[in-house]
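Student: here are the coordinates; sequence isn't available:
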């Protein structure tokens, strides 16, 4: 595996974890501490902050440039979080379920590539650990009513498509 491909992995993963923190910040800004699922969202947000901090450190240590789209992802993530929270607690959970479904697939694809090459066990271990957290987030969101959100199939499909596009763009820019 080439250095550029490893840098793309780190860049997009850091951007994704950053975006996740912004989604949860937007949701909590709307929902506050007393809304249904606020405690669950706060817990997920803390794990995402930890993931982001580890990718931030890896970005610096390995000399990987961050995505130039950070300001855009900041605004888009916050707007997505706030917007879904405005639709209600189940829509906030639907957002989490959709995002984490795509991240699970994304991280699994990365792990397959890293496994094939046998390179970068440090990165593979991070991704594997974070993937497990993301799966827990998805499962918690589903258990907390994600599929009861108004227009769930359309909402989840649109969010998943947005995630796939964000991944592709952040790998490059």
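Tutor: Noted; the coordinates are in hand. Given the structure is predicted, the values throughout are model-derived calculations rather than measurements.
Student: surely residue 55 touches residue 11?
Tutor: No. Because the distance of 9.1 Å does not satisfy C-beta atoms under 8 Å, residue 55 is recorded as not touching residue 11. Glycine gets a C-beta too; all of them are placed from N, C-alpha and C.
Student: please identify which of those two sits among more neighbours.
Tutor: Looking at residue 55 and residue 11 with other C-beta atoms under 10 Å, you find the greater number of neighbours at residue 55, namely 25 against 20.
Student: residues making contact with stretch 149-159?
Tutor: Contacts of stretch 149-159 from elsewhere in the structure, counted by C-beta atoms under 8 Å, 6 or more residues apart in numbering, are 80, 84, 87-88, 90-91, 93-95, 97-99, 101, 146.
Student: 7 Å instead, please
Tutor: Counting by C-beta atoms under 7 Å, 6 or more residues apart in numbering, the neighbours of stretch 149-159 from elsewhere in the structure are 87-88, 90-91, 93-95, 97-99, 146.
Student: can you name the two of the residues you listed that are farthest apart?
Tutor: 88 and 99 (17.1 Å; C-beta to C-beta).
Student: higher neighbour count, these two?
Tutor: In this comparison of residue 88 against residue 99, neighbours counted by other C-beta under 10 Å, the higher total goes to residue 99 at 28 against 18.
Student: now do the phi/psi pair for the more buried one.
Tutor: Backbone dihedrals for residue 99, given as degrees, to the nearest 10, come out at phi -60, psi -50.
Student: correct me, but it touches residue 163?
Tutor: Yes. Between residue 99 and residue 163 a contact is recorded at 5.7 Å, counting by C-beta atoms under 7 Å.
Student: give me the common contacts of these two.
Tutor: The contact lists of residue 99 and residue 163 share no entry, where a contact means C-beta under 7 Å, 6+ apart.
Student: output the contacting helices and strands for the strand or helix carrying residue 47.
Tutor: Using DSSP states H and E, residue 47 sits within helix 38-61. If you count contacts as 3 or more C-beta pairs under 7 Å, 6 or more residues apart in numbering; DSSP states H and E, helix 38-61 packs onto helix 3-31, helix 121-143.
Student: buried residues in the first one?
Tutor: Buried residues in helix 3-31, counted by 16 or more other C-beta atoms under 10 Å: 6-28, 31.
Student: next one: the shortest one
Tutor: Applying a neighbour-count criterion of 16+ other C-beta under 10 Å, one finds 123-124, 126-127, 130-131, 133-135, 137-138, 140-142 buried in helix 121-143.
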